[in-house]
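Novice: next one to model:
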Amino acid sequence: MSEYLSCVEVEPATAANAAIIWLHGLGADGNDFVPILPMLLLPVGLAIRYILPHAPVMAVTVNSGAIMPAWYDVMDFAAERKYNHDDLLKSSAEVQALIEREIERGIPSERIMLIGFSQGGAVNFQAALSYDKKLAGLLALSTYFPTALSVTPTPANANLPIAIFHGAGDPLLPISLARSARRQLEHMGLTPEFRTYDMGHEVCGEEINDIGGFIKSCLA
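Specialist: Residues are numbered from 1 along each chain as shown. Modelled structure (predicted):
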C-alpha cells in the first residue's frame, strides 16, 4: 500500500522497540487518545511508538448521513448492528498496512499491539485476528465484534492475548455486545480477559490504569 492512513505519531524518548496502533471511535480523530498516553505511566524502557490513525471521512447513515470520520458506515443501531462490511474490511487492511510499515521500520510483529475504541475496536478485531504474523496483543475498548462469524484467526494469532474493557452502563454499545464478543472469541479457542467499569461509552481512571497494566503484560 503506497499511501497510508494519516496518523498522529508519538515517539518514545529512546529508539522505539515496540509499537501500538490505537484506533479512535466514530466522529473522533487520531488526537482523541493522545492525552491519555502520559496517564498510562508506562516504564520508559518499553520505548513504545504510538500510531493513532485518522479514520477516513464519510457519510454515516445512522447519523442522518452526516459527514464525519468513520471506519465504516453504520446503517442501524439495532441489536444486529447493520454496518458496511466492505468499509470495515478496507479499514482493517489499512491497519494491517500500518503494521507492515512498523515492521519495515524495525519493530518485530510480536512487539506490535492494537488498541481500538468503539468502531476502532471492531476494526481491530478483524485486523488482528486475520493478520498472518504474530502480534503482541489486542485491547478492545467499549466495542463489539461484528465480523465474528466471518473471520477465522490465523495460526499466528490463534493464541493472541486479548482484553475486553467495557462500561457496564454503556448506552450506545450495551454490555451484552461485549459479553457476546467474549463468547465468540472463546468459541475460537481464545481466552480474553474481561473487565467492566461503572461508566458509559467512555474511558475512566480505573480503566486507564488497567490499560497500562495490559500493555505491560503484552510488551514487558
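Novice: now do the helices in this protein.
Specialist: 85-104, 119-129, 175-187, 205-219 (DSSP state H).
Novice: distance from the first one to the middle of the chain?
Specialist: What that stands for is helix 85-104. 12 Å (Cα atoms, centre = their mean, to the nearest Å).
Novice: repeat that for the second one.
Specialist: A distance of 5 Å separates the C-alpha centroid of helix 119-129 from that of its chain, computed with Cα atoms, centre = their mean.
Novice: and the pLDDT at the nearest residue to Gly27 once chain neighbours are set aside?
Specialist: What sits nearest to Gly27 in space, not counting adjacent residues and going by Cβ to Cβ, 6 or more residues apart in numbering, is Met68, at 4.7 Å. Backbone N, C-alpha and C define where each C-beta goes, glycine included. pLDDT for Met68: 97.
Novice: one more: Glu80?
Specialist: 54.
Novice: break down the protein into its strands, ranges please.
Specialist: 7-10, 18-23, 48-53, 57-60, 66-69, 112-117, 137-141, 162-167, 193-197 (DSSP state E).
Novice: list the contacts for the nearest residue to Ala18 once chain neighbours are set aside?
Specialist: Spatial nearest neighbour of Ala18, chain neighbours left out: Arg111 (4.3 Å); criterion: Cβ to Cβ, 6+ apart. Going by Cβ atoms under 8 Å, 6 or more residues apart in numbering, Arg111 touches 17-19, 136, 219.
Novice: show me the two of the residues you listed that sit farthest apart.
Specialist: Within those, Asn17 and Ala136 form the most distant pair, 11.4 Å apart (Cβ to Cβ).
Novice: check the burial of Phe214 by counting its neighbours.
Specialist: 22 (other Cβ atoms under 10 Å).
Novice: okay, and the beta partners of the residue most central in space within the chain?
Specialist: Taking Cα atoms, centre = their mean as the criterion, Gly116 is the residue nearest the geometric centre of the chain, at 2.1 Å. Note on Gly116: beta-bridge partners Leu23, Ala140, judged by DSSP bridges.
Novice: just the strands of the chain: most buried one?
Specialist: Neighbour counts (mean count of other Cβ atoms under 10 Å) averaged over each of those peak at strand 18-23, with a mean of 28.
Novice: other SSEs contacting that strand?
Specialist: Contacts defined by 3 or more Cβ pairs under 8 Å, 6 or more residues apart in numbering; DSSP states H and E place strand 18-23 against strand 48-53, helix 85-104, strand 112-117, helix 119-129.
Novice: and the ones you listed as CSV, adding distance to Val60 and mean pLDDT?
Specialist: CSV is the format used below for the helices and strands packed on strand 18-23 (distance: least, Cβ to Cβ, whole Å; pLDDT from 0 to 100):
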stretch, distance to Val60, mean pLDDT
strand 48-53, 18, 98
helix 85-104, 10, 97
strand 112-117, 16, 98
helix 119-129, 10, 98
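Novice: redo those as CSV? Include distance to Glu193.
Specialist: Formatted as CSV, these follow (distance: least, Cβ to Cβ, whole Å):
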stretch, distance to Glu193
strand 48-53, 20
helix 85-104, 21
strand 112-117, 13
helix 119-129, 14
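Novice: and Glu3, which of these is closest to it?
Specialist: Comparing the helices and strands packed on strand 18-23 by Cβ to Cβ, helix 85-104 comes nearest, at 9.0 Å.
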